[in-house]
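Colleague: Please work out how this folds:
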Amino acid sequence: MATDIKGMAHPFEAATVLKMLPARPRLLALGEPTHGEDTLLELRNELFQQLVEQEGYRTITLESDCLTGLVVDAYVTSGTGTLEEVMERGFSHGFGASAANRELVRWMRAYNEGRPASDRLRFAGFDGPLEITHAASPRQALTALHGYLAARVDAVLLPCTAETLDRLLGTDGHWTNPAAMMDPAQSVGRSAEAGQLRLLADDLVALLDQQAPHLITASSPDDWDRARLYGRTATGLLRYHFWMADTSPARMTRLCALRDSMMAHNLLAVAERGPALVHAHNSHLQREKSTMQMWQGPVEWWSAGALVNARLGGGYAFVATALGTIRHQGVDTPPPDTVEGILYTLPGDRYVIDARRLATALGDTPPAPRPALNFTRSATAWCPPSASTPRAPRSSTTAPAASPSASTSGSSRTSGMRRASSARPCPPRPGGTTRRRPQRSASASRS
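Modeller: Next comes the predicted model:
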């Protein structure tokens, strides 16, 4: 598939990305096709710095635990703790070991030094307290929510005491038992105690809503936001644990959907602050259904991006990335008839390409899907205009449709790595694609 896309390429810069969108989004989502590659995170850091310095953005939110993210936010806003402590305790999924994440936190803290609170950069995690091996105990969220309410409302209104919560919660090890992920019988999510906790969590969140006029005036904005976060997380975790104990064939579909639902509610809360950059795996940010191949077969669910897009519309824009090569992980040159292969032909560094023009250039024959390699090595699928998004296997994500959407793509060869990124704004979906090559091999597309 010979397609010359050099004439569609523009520099990959924040101003160029935003210019391709029909309106300034509340949430600009930059996806990645795999975790653990700092070169992709360095591109994210650059984009965020430009958004801060040129476009007035003040928040970045990552696919990391929403509760541990409070540790990072406290450090970057007020210097609480040390950088070493924050990197150890402030990230989930092992992301604290990333040099690029460390640089992001260091830069945010330096930027905030001496600035008024209203002008400081903020950090948020938007994932639930969930790992691939287990889900967290709801203790932190439940007890924090209870403590917030107990300090501000009449005790008679509280549905229980702190001692009752502690008794029902038991030991945290029961909740975090990794065997429960594969064996529903090992989960405590449907125990009598968990059932009582779900009712109490619901009552605590209801009380938070009922007392909102008083609580908003009696709290700082940050305290109020944290209380709402604790409420969302407590109810979400208890619901997740309940379905971990499910034995039906829909168990994993429900768990995947619940995780992205928690993500979506956290993203909507972030959007209330003002424009923010979102960073996560493509499969969580795309506007179509996500799919994954699991031991029990394929599962599909609505991604966080799809859920947020349904609420924000044009206030949500998605920029996805797709890998070209990562030779040290065995990801070699992409086939020339794939989207990655086409983007790989670009000679320079960091471009933005209009996805509609790219779709027109490709014609009616869609590029071939790139075979998925493994869980962390994602392939990209392509949708021509008006086509529905194909269902991709677990280790793949979906590139933006070339219908009204923007995408960015680029290729880069740094330490033998090539990658591509793509993005797409929400309806009305203008089009574009960017690509990046740290040296000669990465690509990106945005829509």
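Colleague: and residue 67, what does it touch?
Modeller: Each residue near residue 67 by Cβ atoms under 8 Å, 6 or more residues apart in numbering is listed here: 125, 129, 136, 140, 141, 229, 233. From N, CA and C alone the C-beta is placed, and that goes for glycine too.
Colleague: Okay, buried residues for the one helix or strand the fourth one maps to please.
Modeller: For residue 140, the element it lies in under DSSP states H and E is helix 139-150. Across helix 139-150, burial judged by 16 or more other Cβ atoms under 10 Å covers 139, 140, 141, 142, 143, 144, 145, 146, 148, 149.
Colleague: mind checking how far the first one is from residue 67?
Modeller: Using Cβ to Cβ, to the nearest Å, one obtains 11 Å as the distance from residue 139 to residue 67.
Colleague: likewise the last one?
Modeller: For residue 149, the distance to residue 67 (Cβ to Cβ) stands at 17 Å.
Colleague: In this model residue 294 seems to touch residue 249, though I could be wrong.
Modeller: No: Residue 249 lies out of contact with residue 294 (Cβ atoms under 8 Å); the separation is 11.2 Å.
Colleague: So between those two, which is more surrounded?
Modeller: When neighbours are counted by other Cβ atoms under 10 Å, residue 249 and residue 294 differ, and residue 294 comes out ahead with 13 against 10.
Colleague: Surely that one touches residue 252?
Modeller: Yes: assessed by Cβ under 8 Å, residue 294 is found in contact with residue 252 at 5.4 Å.
Colleague: hey, which helix or strand in this protein has the poorest pLDDT?
Modeller: strand 396-398 (a mean of 28; mean pLDDT, DSSP states H and E).
Colleague: Helix or strand for residue 293, just tell me which one.
Modeller: strand 289-294.
Colleague: Give me the packing partners of that strand, helices and strands only.
Modeller: In terms of contacts (3 or more Cβ pairs under 8 Å, 6 or more residues apart in numbering; DSSP states H and E), strand 289-294 is packed against helix 251-271, helix 282-285, strand 297-302.
Colleague: Need the winner for burial among those.
Modeller: helix 282-285 (a mean of 28; mean count of other Cβ atoms under 10 Å).
Colleague: now that helix: mean pLDDT?
Modeller: Here helix 282-285 scores 94 as its mean pLDDT.
Colleague: Strands of the stretch 51-200 of the chain, start to end?
Modeller: 59-65, 122-127 (DSSP state E, counting those that start in this stretch).
Colleague: rewinding a little: output the contacts of residue 67 as a markdown table; include the columns pLDDT and distance to residue 331.
Modeller: Shown next, in a markdown table, are those (pLDDT from 0 to 100; distance: Cβ to Cβ, whole Å):
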| residue | pLDDT | distance to residue 331 |
| --- | --- | --- |
| 125 | 98 | 28 |
| 129 | 98 | 31 |
| 136 | 98 | 32 |
| 140 | 98 | 38 |
| 141 | 98 | 38 |
| 229 | 98 | 37 |
| 233 | 98 | 35 |
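Colleague: For residue 86, state which of these is nearest.
Modeller: residue 125 (12.2 Å; Cβ to Cβ).
Colleague: what pairs with that closest one across the strands?
Modeller: Going by DSSP bridges, residue 125 is paired in beta bridges with residue 62.
Colleague: Tell me, how many residues neighbour it?
Modeller: So residue 125, with other Cβ under 10 Å, has 28 neighbours.
Colleague: same thing with residue 193?
Modeller: 13.
Colleague: Identify the residue spatially nearest to it, adjacent ones excluded.
Modeller: In this structure, residue 193 finds its nearest non-sequential neighbour in residue 168, 4.6 Å apart by Cβ to Cβ, 6 or more residues apart in numbering.
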